[in-house]
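[1] Generate a structure from the sequence data that follows.
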Amino acid sequence: MTCRIVQFLVAALWLGCGTAVAATPNLVWIVVDDMSPDFSCYGQRLIATPHVDRLAATGTRFTRSYTTAPVCSPSRSALITGMAQTAIGGHHHRSGRGRLAIHLPPPVRPLPALFREAGYYTCIGDGVPSPDADGQRLGKTDYNFVWDPAIYDGADWSGRRAGQPFFMQVMLPGGKLRDGKPGQADDVRRRAAAVFGAATDPDAIELPPYLPRDPALLADQAAYLDAVRLTDRAVGDVLARLEREGLLGETLVVFLTDHGISHARAKQFLYDSGTHVPLVISGPGIPAAAVREDLVPLIDVAATSLAAAGIAVPEWMQGRDLFAVDFTPRRQVFAARDRCDETVDRIRSVRDDRYLLIRNGHPRRPLLQPNAYKDAKPTLRALRDLHAAGQLDPLAERILFAAERPAEELYRYRDDPWQIENLVDDPTHATALADLRLALDGWMAANGDVQPEPEAMYDSDMEVYVGKGNPEVEKNIALMKEWARAGR
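    Residues are numbered from 1 along each chain as shown. All right, here's what the predicted structure looks like:
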């Protein structure tokens, strides 16, 4: 711990702060919805992202960081506790919101509570100060467990006492700017043209090989990249504010996204498109212009933040301090996808330095099961229309619209970045497959991840969807129950 404080003081002098600063840094997490590592510093060439690039230049960029869940609420539940969502019972998307509540297993507690007990001012918002900070709404939480709103002092650090360190979660909509209601993509493109002088050209877009170069998909991807640009600008606004208030030199800034881009085989799934996320950490004590290639799960951000603040990392926390002197890189990282809204699924994955193993708990169900949320998106509607018209090529049909899925999928993901060639039946890779199977079994057992969601809990969580004027959801609920009865 002393070492971390010394690192902080040395970094403060190196940054040229000019005046003495406290040994207790502020922490700012910038958490973005629905966005993959599509930033210049990660190799994206169609757009410029100078502000995230600046963080990478002054800090450490992680090239192989992964969310533990490819959808918002379980990912954020894991992030804020430093625990795999399966270990705390928060793995079903938007769960515990009906009659049956979910409580964190003792002694697990949310990170803001730990910071607050250590004297920090805790806040969550969009990072933009309000004339009336007390009247601001808190930012997105989306935790799948019962939590006390008192863990947050406000929506903004403006309300802190003079000199009081703060822990701020800046929540940005990211990919949600363009993805959802019809017309959103056009709005983003118009906004980007006004802000940057031009919107991204759809004709210049590159798509995964299993997606057709359909005008609707190209326009959506262009709008997504414009959402990345607008997100980068929002990051710049936060950094500018910290500089303006003389806080940047004493603030650790963590930039990350909760999961990958929202698309057919990305968000909600355990391929790289759904789980590979950017992670950049910059500030006191953090190596500058450094690139880390070790495997990192996002749950490590919690432990790293506590350690940076000089707060002991609890023994129950599964996350690790990424900058500890005795840090040992992980050999594997794990992820899980479970029920998303009304749609039941159970997928687990483990990856090591070369291979990604995905285990499908419902192989007799199609990849793109009916889901009212995703099926309302323009991209999914376009893909389903093309499928119905027989206008997709064989690869797209196999990857997206096969009637069933393999029980297991094995990919050499560094050589096969879109996870196209399933090697599970190739004897050449039998040893790697056996090792990963064993590792995944062990992780699941260690986290108590052995049973599907009880029907009573499913029914409780569906109460918040039923009777809300969405017959598609209710039809899907009936289908889920029918498939369950059939053992499918």
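
[2] Wait, residue 230 touches residue 192, no?
    Yes: between residue 230 and residue 192 there is a contact at 6.5 Å, judged by C-beta atoms under 8 Å. Any C-beta I mention is one placed from the backbone N, CA and C, and that applies to glycine too.

[3] Please identify which of those two sits among more neighbours.
    In terms of neighbours (other C-beta atoms under 10 Å), residue 192 is the more surrounded of residue 230 and residue 192; the figures are 25 against 20.

[4] Could you find the residue nearest the spatial middle of the protein?
    Averaging the C-alpha coordinates of the chain gives a centre point, and the residue nearest to it by C-alpha atoms, centre = their mean is residue 258 (1.6 Å).

[5] Chain neighbours aside, what residue packs nearest to it?
    Beyond its immediate neighbours in the sequence, the residue positioned closest to residue 258 (C-beta to C-beta, 6 or more residues apart in numbering) is residue 75, lying 4.4 Å away.

[6] Residue 65 now?
    Here the residue nearest residue 65, using C-beta to C-beta, 6+ apart, is residue 279, at 3.8 Å.

[7] what does stretch 118-131 rub up against?
    27-28, 30, 112, 115-116, 136-141, 151-161, 164-172, 234, 237-238, 241, 309, 311 (C-beta atoms under 8 Å, 6 or more residues apart in numbering).

[8] residues of it that come out buried?
    Buried positions in stretch 118-131, judged by neighbour count with 16 or more other C-beta atoms under 10 Å: 120, 121, 122, 123, 124, 125, 126, 127.

[9] Tell me the one of these nearest residue 439?
    Out of those, the one with the shortest distance to residue 439 is residue 124. That distance is 34.8 Å, counting by C-beta to C-beta.

[10] Secondary structure class of that closest one, three-state.
    The three-state assignment at residue 124 reads strand, by DSSP: H, G, I helix; E, B strand; the rest coil.

[11] Residue 64 too?
    Residue 64 falls in the strand class when you classify it by three-state DSSP.

[12] on that earlier part again, doesn't the residue nearest to residue 65 belong to a strand?
    Yes: with three-state DSSP as the criterion, residue 279 is assigned to a strand.

[13] wait, it sits on residue 295?
    No: no contact is recorded between residue 279 and residue 295 when judged using C-beta under 8 Å, the distance being 11.5 Å.

[14] If you count surrounding residues, which of these two has more?
    residue 279 (25 against 17).

[15] quick one: average pLDDT of stretch 221-240?
    This predicted structure assigns stretch 221-240 an average pLDDT of 98.

[16] Quickly list what residue 66 is bridged to.
    Beta bridges link residue 66 to residue 276, residue 297, judged by DSSP bridges.

[17] Please work out how many residues are found near it.
    Burial measure for residue 66: 25 neighbouring residues, criterion other C-beta under 10 Å.

[18] dump the residue contacts of it.
    Applying C-beta under 8 Å, 6+ apart to residue 66 gives the contacts 275, 276, 277, 295, 296, 297, 298, 333, 335, 351.

[19] Adding pLDDT and distance to residue 41, write these out as TSV.
    Shown next, in TSV, are those (pLDDT from 0 to 100; distance: C-beta to C-beta, whole Å):
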residue	pLDDT	distance to residue 41
275	98	19
276	98	15
277	98	14
295	98	19
296	98	16
297	98	21
298	98	18
333	98	21
335	98	24
351	98	22
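
[20] And those residues, which is closest to residue 363?
    Within those, the smallest distance to residue 363 is 17.9 Å, found for residue 335 (C-beta to C-beta).

[21] Quick check, the closest one in contact with residue 270.
    Yes: when contacts are counted by C-beta under 8 Å, residue 335 is listed as touching residue 270 (5.1 Å).

[22] what do those two both touch?
    Common neighbours of residue 335 and residue 270 (criterion: C-beta under 8 Å, 6+ apart): 70, 348, 349.

[23] Please report the distance of residue 338 from residue 344.
    8 Å (C-beta to C-beta, to the nearest Å).

[24] Overlap in contacts, the two.
    Taking C-beta under 8 Å, 6+ apart as the contact criterion, the common neighbours of residue 338 and residue 344 are residue 453.

[25] tell me which element the residue nearest to residue 258 is part of?
    When elements are defined using DSSP states H and E, residue 75 is found to belong to helix 72-81.

[26] Could I get the buried residue list for the helix or strand that comes right after that helix?
    Toward the C-terminus, helix 72-81 is succeeded by helix 111-117 as the next helix or strand (DSSP H and E). Counting neighbours by 16+ other C-beta under 10 Å, one finds that the buried residues in helix 111-117 are 111, 112, 113, 114, 115, 116.

[27] Look at residue 385 and give its secondary structure.
    helix.

[28] what pLDDT does it get?
    In the predicted model, residue 385 carries a pLDDT score of 98.

[29] list the contacts for it?
    Applying C-beta under 8 Å, 6+ apart, no residues qualify as near residue 385.

[30] From residue 392, how far out is it?
    Separation of residue 385 from residue 392 (C-beta to C-beta): 10 Å.

[31] Same check on residue 268?
    Shown here: residue 268 relative to residue 392, a distance of 20 Å by C-beta to C-beta.

[32] hmm, back to that, quick one: the contacts of residue 66 as JSON lines, columns for distance to residue 184 too.
    As requested, these are arranged in JSON lines below (distance: C-beta to C-beta, whole Å):
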{"residue": "275", "distance to residue 184": "24"}
{"residue": "276", "distance to residue 184": "24"}
{"residue": "277", "distance to residue 184": "22"}
{"residue": "295", "distance to residue 184": "34"}
{"residue": "296", "distance to residue 184": "32"}
{"residue": "297", "distance to residue 184": "31"}
{"residue": "298", "distance to residue 184": "26"}
{"residue": "333", "distance to residue 184": "32"}
{"residue": "335", "distance to residue 184": "28"}
{"residue": "351", "distance to residue 184": "33"}
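
[33] neighbours around the closest residue to residue 452 other than its chain neighbours, how many?
    Sequence neighbours aside, residue 346 is the residue nearest to residue 452 in space, at 6.0 Å (criterion: C-beta to C-beta, 6+ apart). Taking other C-beta under 10 Å as the criterion, the count of residues near residue 346 is 18.

[34] what's the answer for the one 5 residues further on, then?
    As a burial measure, residue 351 scores 25 neighbours (other C-beta under 10 Å).

[35] ok, now residue 275?
    That count, for residue 275 with other C-beta under 10 Å as the rule, works out to 29.

[36] tell me the average confidence for stretch 177-196?
    According to the model, stretch 177-196 has a mean pLDDT of 90.

[37] now, the most widely separated pair of the buried residues of stretch 118-131?
    Between all members of the buried residues of stretch 118-131, the longest pairwise span (C-beta to C-beta) is found for 120 and 126 and amounts to 19.5 Å.

[38] Let me know the pLDDT of residue 94.
    So residue 94 comes in at 93 (pLDDT).

[39] There's contact between it and residue 144 in this structure, I believe.
    Yes: between residue 94 and residue 144 a contact is recorded at 7.2 Å, counting by C-beta under 8 Å.

[40] Lowest-confidence one in the buried residues of stretch 118-131?
    residue 127 (86).

[41] Confirm that residue sits in a helix?
    No: secondary structure assignment (three-state DSSP) places residue 127 in coil, not in a helix.
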